[in-house]
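S.K.: got a predicted model here, sequence first, then my questions.
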Amino acid sequence: MNFLVDAQLPRRLTHHLRDAGHDALHTLDLPKKNRTTDEEIYEISARERRAVVTVDPDALLVPQISVIAAAFATFDYIELTRAALIFHA
């Protein structure tokens, strides 16, 4: 699975994703770094087929990485809240 981690999340999240066997970039890895616009992030994610990870703290995401990656085979959008994963077709 390919991920693009947004600016408000820590760069170390990309390391957790890579350690789990995924391809992960942080906005700091992009040419404009954290000044990359939302539109540019969308274009990159669409072009490179990357799921954008934004807002939620990595402590909530890391334990769910394998479940989330598998769910993208079926669902288009996955929402992570403090209480649950919500799958959207």
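M.R.: Everything's here; your move. Numbering: from 1, shown residues only.

S.K.: who's in contact with the residue lying closest to L28 once chain neighbours are set aside?
M.R.: Closest residue in space to L28, ignoring its immediate chain neighbours: R11 at 5.6 Å, by C-beta to C-beta, 6 or more residues apart in numbering. Any C-beta I mention is one placed from the backbone N, CA and C, and that applies to glycine too. Counting by C-beta atoms under 8 Å, 6 or more residues apart in numbering, R11 makes contact with 5, 26, 28.

S.K.: can you pull out the helices in the protein?
M.R.: Using DSSP state H, the helices of the chain run over residues 12-19, 38-48, 58-61, 65-71.

S.K.: which one among the contacts of R11 gets closest to L61?
M.R.: V5 (9.5 Å; C-beta to C-beta).

S.K.: check that closest one and give its pLDDT.
M.R.: For V5, the pLDDT comes out at 95.

S.K.: just give the nearest non-adjacent residue to the spatially most central residue of the chain, would you?
M.R.: By C-alpha atoms, centre = their mean, the chain has its centre lying nearest to V53, at 2.7 Å. Nearest residue to V53 in three dimensions, chain neighbours excluded: V5, at 4.8 Å (C-beta to C-beta, 6+ apart).

S.K.: run a quick check on the one you found versus H22, I expect a contact.
M.R.: No - assessed by C-beta atoms under 8 Å, V5 is found out of contact with H22, at 10.8 Å.

S.K.: now do the contacts for the residue nearest to V53.
M.R.: Contacts of V5 by C-beta under 8 Å, 6+ apart are 11, 13-14, 17, 24-27, 53-54.

S.K.: one more: H88?
M.R.: Counted by C-beta under 8 Å, 6+ apart, H88 has contacts 75-79.

S.K.: straight-line length of stretch 1-8, end to end?
M.R.: Distance between the boundary residues of stretch 1-8 (C-alpha to C-alpha, to the nearest Å) amounts to 21 Å.

S.K.: thinking again about what came up before, any idea which of the contacts of H88 is closest to L85?
M.R.: For the contacts of H88, the nearest to L85 is I78 (6.2 Å; C-beta to C-beta).
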